[in-house]
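In: Return atomic coordinates for the entry below.
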Amino acid sequence: MLKTTSKSSKILLLTFSFLLCLHPVWAQNTRAKKKQAKIEAVKKMVNNRNYVFIAQFANPLGWKTINLNYDYNVVISKDSIDSYLPYFGRAYVAPYNPTDPSETGIQFKSKKFDYQQSAARKGIWEITIIPHDVKETRKFILDISNEGYANLSVTSNNRQTISFTGYITENLPKTKK
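Out: The predicted structure is shown next:
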């Protein structure tokens, strides 16, 4: 009777050990599938020109990186660009109204713009946006990785260049209340 118990416990131990060995492989496979799904979702957003860049950090020239705590973003769709970003750095021309955030930040809505998209490096899209109906901002250069991480460089007429680090997410339609 002891030998049977010993034999069955060995079989149980071997089965349990086998299952433990499979767990990392299964977890790795799940992670790989999630990563591939994320890459496909980002590719779809970029190719459809329908996404939102969420800025997490501002990187002004000559300053330290600034952590952004608010919902600063750039909404990009096929027919419009809606920018709501702060500005830190040197301005060469003072704003007419320094208390107006639309004059001190990088805030505008544009319907007339050029949009060029290219694959710059392995897994990175380089997107150049040039708005034509905005007086201050001259060019946006947005680098997006295949996993959705992004870097936005903003060139202006009367200000130093500033860059933002963040990610892109899906541009969901606004619901009416």
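
In: Residue 10 in helix, strand or coil?
Out: Under DSSP: H, G, I helix; E, B strand; the rest coil, residue 10 falls in the helix class.

In: Burial check on it, number of neighbours?
Out: 10 (other Cβ atoms under 10 Å). No exception for glycine: its C-beta is placed from N, CA and C like everyone else's.

In: For it, report the pLDDT, please.
Out: Predicted confidence (pLDDT) for residue 10: 70.

In: Also residue 13?
Out: Reported pLDDT for residue 13: 67.

In: next one: residue 143
Out: Reported pLDDT for residue 143: 91.

In: isn't it right next to residue 123, touching?
Out: No. Counting by Cβ atoms under 8 Å, residue 143 stays clear of residue 123, with 10.7 Å between them.

In: Same drill for these two, tell me which one is more crowded.
Out: residue 143 (16 against 12).

In: That one: what's it in contact with?
Out: Residue 143 makes contacts with 120, 124-127, 150-152, as judged by Cβ atoms under 8 Å, 6 or more residues apart in numbering.

In: can you redo those as TSV with neighbour count?
Out: Below are the contacts of residue 143 laid out as TSV (neighbours: other Cβ atoms under 10 Å):
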residue	neighbour count
120	13
124	15
125	20
126	14
127	21
150	25
151	17
152	25
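
In: From those, pick the one nearest residue 50.
Out: Of all these, residue 127 has the smallest distance to residue 50: 12.7 Å, by Cβ to Cβ.
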